[in-house]
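Undergrad: From the sequence below, what's the structure:
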Amino acid sequence: MSEEKRKQIAPSVVLAQHGNKGAYRDLYIHYYKNIYFICKTLTGDAQSAMKLTAEIFTKMFESVDKLEDHTVFEQWFYSLAINICRKGIPSEKNICAHKETLEKLAKEASDCAKQKDRFGFEHGIIKIIIQMLAGLPTESKIILFYRYAANISEEKIAVLEKISEEEAAEQLKVLNILLEKQAEFIRQFGVDVSMFLADMKNTLSYISQKTFVPDGVHEDVSSQLGVNVNPFAGKEEKKTEPENSQDELKTTKQEKKPLFSKSDIILFFIVLAAALLIFSAVKLYFDSKNEEKNSPVVTTQQQDKPVLLWNGAAAASFESGNGTKEDPYIIASGGQLAYLANLINDGNSYYAACHYKLGSDILLNNTDDFDSWSKTAPENEWTPIGYSVDDDTHSYFTGTFDGADHTIYGMYISEESDYAGLFGVVRNGLIKNLCLSGAYVDAGSYAGGIAGYFSADTTENSGFECCSFSGVVKSDGNNAGGITGYFRADGNGNTPIITDCCVFGSVIAANGYAGGISGVGEAATGNAKIINCFNAASVHAAKNAGGITGNSRCADGNSTIEGCYNSGVVSADENAGGISGFISCVPGEGRISVQQCFMLDSSCQTDVVKASDDSRLVVGEIGKLTDAEMQDQNSFTDFNFTDIWKIENDSDYKYPVLRSTVTGKYYLDENETA
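TA: Residues are numbered from 1 along each chain as shown. Below is the predicted model of the structure:
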């Protein structure tokens with residue numbers, strides 16, 4: 001077991017050894033998918049796997065107090081699970097994987113690879129690995145789980161299997177040969193799984209996380225233990241068992257064991273203190289596990305129920321879901337959002353391509369003192385999801401993130417590095433239905449409210465839909481935007497889009513390219529579109545500042561701004577425009593089109609600054625409206641006020657807003673300067 005994992009589970013193991021039911025539940029949530037996956041793979045039967053999983057957890061909770069060294073808990077637990085599974089294994093042995101099935105799966109994965117469908121390709125690889133495991137002899141599967149799931153040495157395996165160490169080594173050799181033979185078979189169809197087999201431990205971990213575990217497992221374990229271990233249980237159910245209460249330090253079978261004596265309690269705290277000294281990160285983890293119990297509570301404007309203040313720690317899992325489009329991972333706390341950032345920033349391309357959805361508003365920092373953040377940092381600093389150091393060192397978010405009309409409050413970033421925002425780098429991803437309120441981003445180049453940098457080279461839907469940002473974005477270099485610092489289409493025929501998005505607050509680029517929506521909108525190839533958006537933030541840059549984009553440019557693609565307006569003050573030492581600070585084309589066949597746009601007449605003297613009179617730069621008439629005209633929907637010719645736009649007369653903001661987009665607090669008086 002890794003040192004990090006040992007730190008995570010140490011407190012729960014110690015508490016479980018003293019009968020704490022809250023710790024039982026934590027250990028169950030941490031391991032139930034892995035244990036069910038082992039049972040399902042060894043038995044090949046879902047019904048048997050359900051019963052064995054319940055039996056394994058019950059046996060573990062009954063006997064964990066006899067474990068003398070809690071640091072070897074994981075190896076002990078997996079050994080216990082594998083041994084209990086033996087009786088459920090069918091008598092048939094050496095069941096070979098069907099070549100027809102492997103051939104079909106390999107062709108499907110190969111097709112996904114050719115279509116650059118990374119998500120489909122990786123799911124195909126998982127299906128192939130599962131089928132390969134199914135084709136192993138029973139003895140090989142048992143050895144495999146000992147070696148790779150439990151990380152048990154050959155010497156220990158020999159003891160557990162009651163064989164010589166040489167025999168254990170020989171069986172591991174046979175296991176590798178069997179897997180390699182299957183790998184050779186599917187390699188002829190254009191799919192190479194060698195690297196997955198070489199990293200079998202991580203592969204098994206990924207697969208187990210994608211395993212569907214029937215609700216009957218949770219029900220069976222809950223029934224046998226007398227405590228609700230269901231990972232999807234409500235918060236009220238979680239609070240019924242206070243983890244740290246001395247009154248709850250009982251064994252599983254309360255009728256057989258009395259309450260602890262004074263000496264027992266003293267001994268327990270000595271053990272716990274030792275664990276805390278050995279594992280310096282325990283407190284951080286413990287805070288994360290108890291987030292719902294100990295965090296301050298704030299009621300937010302998008303939902304009536306209270307929202308928990310993030311304590312700065314990453315959770316150990318998501319709320320629920322399996323990452324598919326039909327069943328996305330649900331993120332319901334700041335800790336779970338940080339867990340996503342950790343997964344992506346660790347280079348986990350599988351999770352990078354999954355589907356995610358907010359299940360609640362999220363409070364990263366209390367925003368009551370937001371105006372002082374430029375001088376005094378709040379408690380929690382956010383680490384962007386995805387990064388790029390150079391061409392060889394990067395990790396991109398490539399999946400779908402659905403905010404579900406929830407709001408993330410109080411995001412704070414202050415760092416010198418590039419690529420900063422809620423997401424650092426997004427490639428071919430889709431961010432939608434999300435509001436960021438009271439956010440502060442101060443970084444190097446490529447700084448954005450939602451994402452620092454975005455690019456797309458596929459034909460799939462990608463970009464930003466129905467997103468809003470209110471707060472401050474500052475770049476010490478180039479490329480700052482309220483939605484994204486840089487927006488680029490880089491694939492033939494593809495059309496990434498920013499639509500139904502809005503920004504309040506201020507956007508600043510110390511050097512150049514600041515835009516209310518995007519610092520730069522570029523179409524190298526394909527089509528980069530910004531449609532039905534508005535900016536109410538002040539925008540400033542040394543060079544090229546615009547209400548919608550600081551710079552729109554194209555080569556062989558088309559860059560479009562359509563149906564947008566700006567009411568924020570725009571300024572620059574060179575090239576400032578109410579809609580775009582600068583539009584330009586390099587040699588190619590693309591063009592730039594700015595149509596059906598409006599701006600507050602006092603926001604900027606110029607609407608668009610054109611690089612030249614190039615016929616490829618097509619700018620329609622941009623309406624310059626007075627304050628009174630901005631409050632009248634009749635002034636916005638061709639705007640759809642039935643389905644897309646509306647004016648809320650009782651709002652602090654009197655100009656048109658988007659019907660589909662949730663907006664947070666308006667930061668209209670922000671006086672940040674470059």
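Undergrad: pLDDT wise, what is E291 at?
TA: On the pLDDT scale, E291 is placed at 44.
Undergrad: what do you get for F268?
TA: In this model, F268 carries a pLDDT of 57.
Undergrad: try I152
TA: 75.
Undergrad: quick one: secondary structure of it?
TA: coil (DSSP: H, G, I helix; E, B strand; the rest coil).
Undergrad: Neighbours of it, how many?
TA: Neighbourhood size, I152 [other Cβ atoms under 10 Å]: 22. Yep, even glycine has a C-beta here, placed from its N, CA and C like the rest.
Undergrad: what's the answer for I84, then?
TA: Neighbours of I84 (other Cβ under 10 Å): 17.
Undergrad: Equivalent analysis for I177, please.
TA: Around I177 there are 10 residues (other Cβ under 10 Å).
Undergrad: Flag every buried residue along whatever helix or strand it lives in.
TA: Secondary structure assigned from DSSP states H and E places I177 in helix 165-187. Within helix 165-187, the residues scored as buried using 16 or more other Cβ atoms under 10 Å are 168, 171-172, 175, 178-179, 182-183, 186.
Undergrad: Show me what secondary structure element comes after that helix.
TA: From helix 165-187, the next helix or strand downstream (DSSP H and E) is helix 194-198.
Undergrad: what's next to that following helix, contact-wise?
TA: When contacts are defined by Cβ atoms under 8 Å, 6 or more residues apart in numbering, helix 194-198 is touched by residues 125, 129, 176, 179-180, 183, 187, 203.
Undergrad: So E574 sits against A542, correct?
TA: Yes - with contact defined as Cβ atoms under 8 Å, E574 and A542 form a contacting pair (7.1 Å).
Undergrad: So for the two, which sits in the more crowded spot?
TA: The residue with more neighbours, out of E574 and A542 and counting by other Cβ under 10 Å, is A542; that gives 18 against 13.
Undergrad: Tell me the spacing between the more buried one and A572.
TA: Distance, A542 to A572, using Cβ to Cβ, to the nearest Å: 7 Å.
Undergrad: how about the host helix or strand of A628 as CSV, C-alpha atoms only?
TA: Counting by DSSP H and E, the element that carries A628 is helix 627-630. C-alpha atoms of helix 627-630 as CSV (Å, rounded to 0.1, in the frame of the first residue of the first chain):
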residue,chain,number,x,y,z
ASP,A,627,-27.8,54.2,-20.8
ALA,A,628,-31.6,54.7,-21.4
GLU,A,629,-31.4,52.8,-24.7
MET,A,630,-29.6,50.0,-23.1
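Undergrad: What residues of it count as buried?
TA: Result for helix 627-630 [16+ other Cβ under 10 Å]: buried residues 629-630.
Undergrad: What helices and strands are in contact with that helix?
TA: strand 598-600 (3 or more Cβ pairs under 8 Å, 6 or more residues apart in numbering; DSSP states H and E).
Undergrad: Downstream of the host helix or strand of V13, the next helix or strand is which one?
TA: Under the criterion of DSSP H and E, V13 resides in helix 3-17. Per DSSP H and E, the first helix or strand lying C-terminal to helix 3-17 is helix 21-43.
Undergrad: Off-centre distance for that next one?
TA: 23 Å (Cα atoms, centre = their mean, to the nearest Å).
Undergrad: residues of stretch 573-582 that come out buried?
TA: 575-582.
Undergrad: Go through the residues you listed and flag which are in helices.
TA: Here DSSP state H is the test, and the buried residues of stretch 573-582 give no hits in helices at all.
Undergrad: per-residue confidence at the residue nearest to G438 when sequence neighbours are not counted?
TA: Distance criterion Cβ to Cβ, 6 or more residues apart in numbering; nearest residue to G438, sequence neighbours excluded, is T367 at 3.4 Å. In this model, T367 is scored at 89, pLDDT.
Undergrad: Show the end-to-end separation of stretch 206-216, please.
TA: 23 Å (Cα to Cα, to the nearest Å).
Undergrad: three-state assignment of D368?
TA: Going by three-state DSSP: D368 is coil.
Undergrad: Report the contact partners of it.
TA: Counting by Cβ under 8 Å, 6+ apart, D368 has no contacts.
Undergrad: Ok, I129 next?
TA: Neighbouring residues of I129 by Cβ under 8 Å, 6+ apart: 193, 196, 203, 207.
Undergrad: Fine, thanks again, bye for now.
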